[in-house]
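A.B. asks: please find the sequence and the predicted model below.
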Amino acid sequence: MHRNDKLLFSAKLMKIKTLLFIPPVLFLIVLGVNLLFVSHRSPQRVNQLIMSSIGDASFLNPILAQDSASSDINSFVFNGLIKYDRDLQGFVGELAESWKVKEGEKPEITFFLRKGVLWHDGKEFTAEDVKFTYDKIMDEKTNTVRRSDYELVEKAEVLDPYTFRVIYKQPFSPGLQTWGMGIIPKHLLEKEDINTTSFNRRPVGTGPFRFVEWVTDEKIVVEANPTYFQGRPHLDRIIYRIIPEVSLSEMELLTKGVDSYGVSPHQFRRMSEIDFLKIYSQPALGYTYIGYNLKNTLFQDRRVRQAFTHAINREEIVQYVLYGYGAVISGPFPSHLWYYNANVKPFPYDPQKARALMAEAGWKDTDGDGVLDKDGQPFRFKLITNSGNDVRRDVGVLVQRQLRELGVDVTFEVYEWSVFLKNFINAKHFDACILGWGLSPDPDDYQIWHSSQIERGFNFVSYKNPEVDRLWEEGRREYDQEKRKKIYWRIHELMAEDQPYTFLFSPIGMSALQNKFVLVENGPSGQKIYRPIKMEKAGLMYDLIDWYVPGETVMEK
Amino acid sequence: MTSFLLRRLLQMFITLIGISIISWVIITTAPGGPISLTMDPKISPKIIEQMMKNYDLDKPVYQQYFLWIKKLFTGKLFSFKDGRPVLEKIWERIGNTLLLNLVATIIIFSLAIPLGVFSARKQYSMMDRLTTFGVFLGLSIPGFWLAYLIILGTVELFGYPVLGMRSFVTEGFGTTEIILDRIWHLLLPALIMAIHGMAGLSRYTRSSMLEVIRQDYIRTAKAKGVPEETVYYRHGLRNALLPIITLFGFLIPGLIGGSIIMESVFAWPGIGRLAYQAVLARDYPVVMTINTITAVLVLLGNFIADLLYGVVDPRIRYG
């Protein structure tokens, strides 16, 4: 009896003890098996492209999408009537085979559409779809910001199934680029609420790739469209991954879980040493600047602004902040496009001249405290920028020091984006700010610079120059590119003199791509000819439908 | 008992209303809005106004609140960001978050309790000090930093993808490989969350165990000649674990509420990331709904904890 009890006791004891120690052991076994598995994996060579993005897409519908992830996918799935050519200079036809612009007080653009283009579900694309897309954008119930692009359209009409005509209220040359908008299918969306339809997650387009699946916050997959009107793309599919941290997509790049990657300047050297990567670079469509609030008496004198630009060593900023990967600009345009006036040279870094200009404007250090003053008032102001942008933060610190050398007392503060916009920029309650513009390839920046845009537009620095105003108006009325170029070159000259901003630099964008990708072309006798992928002004992926991963990489010499 | 339940439920309901009103006020008065956050010169202010109207953002704050409740219960609540039903957006992620948190919790419980018992038995021994040091180290190292280190390390060592819920180049994988791949992607984030969460539970077990083994009945058992092992594991541990049962009440919100940091670092598509993105984008419907769901779970967890007290400790009566 006594002995039995003891046995029972130790049996129960064993149970508790084993129960307690089974899980850790089990855990270690699972971990071990897994480590074994991941360390014995053979590399794959698949004819696909894996890209990554920080944020998930929102609407796979070109008329609703605003974020870059959605735009990327939409560019695979949908086509516009036209698109920019590889140099971002003119246009080439996409769904429109050709088009005709009839100039006049009420200009007309007639698009002649491609015949036999099929939606991914097999129906034919016609002018009715174009009209439908336009109508949906103009519908007030549609939550789209694209409506602004078409405000000057008087009438859009279908002439026959393959002809579509737009009539403008007044000459408006930037209007042409808005017809690069992706066209959506009427037959699928006619009866749907465009804002909430499930189409926005399962899009059907005419583009080179067909939508396959979208796993929220994880991936979006598209595959080659075999009936694409320019021929089936050579890649089998594209996987678009969502990786919320940039530094982590670098890890994935190294394990080949991602094929392409936007390289930051500080990573360039490290990335260029990796043998399976190739790095491409090109100036970005945009620039970073210091905007001066011209309502503030401190900055109303042009000489002060010029002095500042002379006192700010922009070459040094590019060197230190962007590791040299930026182009100093002299005016309001990115430096690699046709409307940038290369004859206007950026103000050189010249502290002497800066001091002289300040003195001319009446700012001298009379009390010897190291700060310039005028009528007893020291030159003191607050420079602000938004948080979350390391480049702007670093620029601010450098500028603060450089202006300090000129004898200007700058305090530098950083605010959260929405506070920054609402309380400072939109309220015009700031002295100077560091910001950047991302622009479209068309030079028409009327909304940023025309004096009519001070009150409610984007001219928050309150810049006003009647001649420049007139030129912006003229530029958007002119259809001839040579004439437009003259106008924008003149604007560039005038604004470089006025310096409403200190134009800092266009950053140089860099991307890394696995070098297994090539452009493929079918040679005359059916053999495949490979060429290296080239960075175009319109972007690395301009020739995406010709990308290919050959079984064994043989490059054409 | 019934009156207790009714009273508690009523209390919970009132608290919930209070929570939702306060969060609504905080969220809507925070600077910025879902539409005014863009700075695109191609968008005219007129369009922004029209869109505010479409989203009912032109109405007074209190009206917006009632509209939110109405839309929530009629199933017409759509996210500003992508126009999808809010509940569908939350639902599709709950599974992911639950999976990750469940595995992490299992690891925590299965490792922390033995560790705590062990420390208590060998109090002040070298091993006790070492485990104490270890768990506190785990607690004090910032999770995201540790995660980065581990990601870097595994990438260097194995060259195998670690982010997300699965690998993306899986051509030639069989079922076993796919399962192993999924486990691999689950194990790392769960392990890091566990390292962080283990300190609390193991300390709790240790002190509870220490307290129990100083009780008279333990001394009696020892005096009777019951073997040491039996004293600890049979009489000691069982009683020591009683207070830990109440921890299950807090598990409920903990399992569903995602971890923003771990989900972001490991690209895990869970609730935490959804909430974070929604706050950044001022996607009011999503933020409010997640807030409310979390509040409900916390209240429910507390409620269950209260009931469990009664179950495990017969001295507690509800009247």
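C.D. replies: That came in fine, so what should we check first?

A.B. asks: make it CA atoms for all contacts and neighbour counts henceforth
C.D. replies: OK.

A.B. asks: burial measure for the residue of the stretch 351-500 of chain A found nearest chain B, as a count.
C.D. replies: Closest residue of the stretch 351-500 of chain A to chain B, C-alpha to the nearest C-alpha: A:Ser418 (4.5 Å). Using other C-alpha atoms under 10 Å in any protein chain shown as the criterion, A:Ser418 is surrounded by 23 other residues.

A.B. asks: ditto for A:Leu35
C.D. replies: A:Leu35 has 17 nearby residues by other C-alpha under 10 Å.

A.B. asks: phi, psi for it please.
C.D. replies: Here is the backbone geometry of A:Leu35 (degrees, to the nearest 10): phi -60, psi -40.

A.B. asks: distance-wise, check it relative to A:Val391.
C.D. replies: Using C-alpha to C-alpha, to the nearest Å, we find A:Leu35 at a distance of 40 Å from A:Val391.

A.B. asks: next: B:Ile192.
C.D. replies: Separation of B:Ile192 from A:Val391 (C-alpha to C-alpha): 32 Å.

A.B. asks: more neighbours: which of those two?
C.D. replies: Neighbour totals were compared for B:Ile192 and A:Val391, and B:Ile192 leads with 19 against 14 (other C-alpha under 10 Å).

A.B. asks: so the more buried one touches B:Gly143, yeah?
C.D. replies: Yes - B:Ile192 lies in contact with B:Gly143 (C-alpha atoms under 8 Å); the separation is 6.9 Å.

A.B. asks: would you mind measuring from the residue of the stretch 351-500 of chain A closest to chain B to A:Phe381?
C.D. replies: Taking C-alpha to C-alpha, one finds A:Ser418 at 22 Å from A:Phe381.

A.B. asks: do B:Ile192 as well
C.D. replies: Counting by C-alpha to C-alpha - B:Ile192 and A:Phe381 are separated by 47 Å.

A.B. asks: show me which residues of the helix or strand A:Leu471 falls within are buried.
C.D. replies: Taking DSSP states H and E as the definition, one finds A:Leu471 inside helix A:466-477. Under the neighbour-count criterion of 16 or more other C-alpha atoms under 10 Å in any protein chain shown, helix A:466-477 has A:468-469, A:471-477 buried.

A.B. asks: just after that helix, pick out the following helix or strand.
C.D. replies: By DSSP H and E, the next helix or strand past helix A:466-477 is helix A:481-498.

A.B. asks: what angle separates that next one from helix A:466-477?
C.D. replies: 150 degrees (axes from the mean of the first three to the mean of the last three C-alpha atoms, to 10 degrees).

A.B. asks: list the strands paired with the next helix or strand after helix A:481-498, with their directions.
C.D. replies: On the C-terminal side of helix A:481-498, the closest following helix or strand by DSSP H and E is strand A:501-514. Strand pairing for strand A:501-514, using DSSP bridges, gives strand A:260-263 (antiparallel), strand A:277-283 (antiparallel), strand A:286-292 (antiparallel), strand A:326-328 (antiparallel).

A.B. asks: who in the stretch 1-150 of chain B is up against chain A?
C.D. replies: B:31-33, B:37, B:40-45, B:47-48, B:50-51, B:54, B:78, B:81-85, B:107, B:110-111, B:113-114 (C-alpha under 8 Å from any C-alpha of the partner chain).

A.B. asks: and the residue lying closest to A:Gly475 once chain neighbours are set aside, how many neighbours?
C.D. replies: Counting by C-alpha to C-alpha, 6 or more residues apart in numbering or on different chains, A:Arg484 is the residue found nearest to A:Gly475 once chain neighbours are left out, at 5.6 Å. A total of 22 residues lie near A:Arg484 under the criterion other C-alpha under 10 Å.

A.B. asks: what about A:Arg484, distance to A:Gln89?
C.D. replies: Taken as C-alpha to C-alpha, the span from A:Arg484 to A:Gln89 is 12 Å.

A.B. asks: which SS class is A:Lys100?
C.D. replies: Using DSSP: H, G, I helix; E, B strand; the rest coil, the secondary structure recorded for A:Lys100 is strand.

A.B. asks: my guess is it contacts A:Thr110, does it?
C.D. replies: Yes - in this structure A:Lys100 lies within contact range of A:Thr110 using C-alpha under 8 Å: 5.2 Å.

A.B. asks: could you pull out the helices for the chain?
C.D. replies: Since no chain was named, I'll use chain A. Along chain A, counting by DSSP state H, helices occupy A:2-39, A:68-77, A:127-138, A:186-189, A:246-254, A:268-272, A:302-311, A:314-321, A:351-360, A:390-406, A:417-419, A:446-449, A:466-477, A:481-498.

A.B. asks: hmm, I had chain B in mind actually
C.D. replies: B:2-29, B:45-54, B:61-74, B:86-121, B:126-140, B:143-158, B:175-212, B:216-224, B:228-230, B:237-245, B:247-256, B:260-265, B:271-280, B:284-312.

A.B. asks: could those helices be laid out in a markdown table, adding mean pLDDT?
C.D. replies: As requested, the helices of chain B are arranged in a markdown table below (pLDDT from 0 to 100):
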| stretch | mean pLDDT |
| --- | --- |
| helix B:2-29 | 89 |
| helix B:45-54 | 82 |
| helix B:61-74 | 89 |
| helix B:86-121 | 87 |
| helix B:126-140 | 87 |
| helix B:143-158 | 84 |
| helix B:175-212 | 85 |
| helix B:216-224 | 88 |
| helix B:228-230 | 80 |
| helix B:237-245 | 77 |
| helix B:247-256 | 73 |
| helix B:260-265 | 84 |
| helix B:271-280 | 88 |
| helix B:284-312 | 85 |
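
A.B. asks: beta-bridge partners for A:Ile50, please?
C.D. replies: A:Ile239.

A.B. asks: so who does it touch?
C.D. replies: Contact partners of A:Ile50, counting by C-alpha atoms under 8 Å, 6 or more residues apart in numbering or on different chains, are A:238-241, A:257-260.

A.B. asks: what residues does the stretch 201-319 of chain B have near chain A?
C.D. replies: Contact residues (C-alpha under 8 Å from any C-alpha) of the stretch 201-319 of chain B with chain A: B:229-230, B:233-234, B:264-265, B:267-269.

A.B. asks: quick one: A:Arg114 from A:Thr206, how far?
C.D. replies: Counting by C-alpha to C-alpha, the gap from A:Arg114 to A:Thr206 is 12 Å.

A.B. asks: for A:Ile243, same thing?
C.D. replies: Taking C-alpha to C-alpha as the measure, A:Ile243 falls 28 Å from A:Thr206.

A.B. asks: please, a ChimeraX command that selects the buried ones among the residues of the stretch 1-150 of chain B next to chain A?
C.D. replies: Those of those that count as buried under 16+ other C-alpha under 10 Å are selected in ChimeraX with:
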select /B:31,32,33,37,41,42,43,44,45,47,48,50,51,78,81,82,83,84,85,107,110,111,113,114
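
A.B. asks: counting neighbours, what do you get for B:Met1?
C.D. replies: By other C-alpha under 10 Å, the residues close to B:Met1 number 9.

A.B. asks: could you tell me the least trusted of the helices of chain A?
C.D. replies: Lowest mean pLDDT of the helices of chain A: helix A:2-39, a mean of 67.

A.B. asks: can you pull out the strands in the stretch 151-300 of chain A?
C.D. replies: Taking DSSP state E, counting those that start in this stretch as the criterion, the stretch 151-300 of chain A carries its strands at A:153-160, A:163-168, A:209-215, A:219-224, A:237-242, A:260-263, A:277-283, A:286-292.

A.B. asks: export those strands to JSON lines and tack on mean pLDDT?
C.D. replies: Shown next, in JSON lines, are the strands of the stretch 151-300 of chain A (pLDDT from 0 to 100):
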{"stretch": "strand A:153-160", "mean pLDDT": "95"}
{"stretch": "strand A:163-168", "mean pLDDT": "96"}
{"stretch": "strand A:209-215", "mean pLDDT": "95"}
{"stretch": "strand A:219-224", "mean pLDDT": "94"}
{"stretch": "strand A:237-242", "mean pLDDT": "92"}
{"stretch": "strand A:260-263", "mean pLDDT": "89"}
{"stretch": "strand A:277-283", "mean pLDDT": "92"}
{"stretch": "strand A:286-292", "mean pLDDT": "95"}
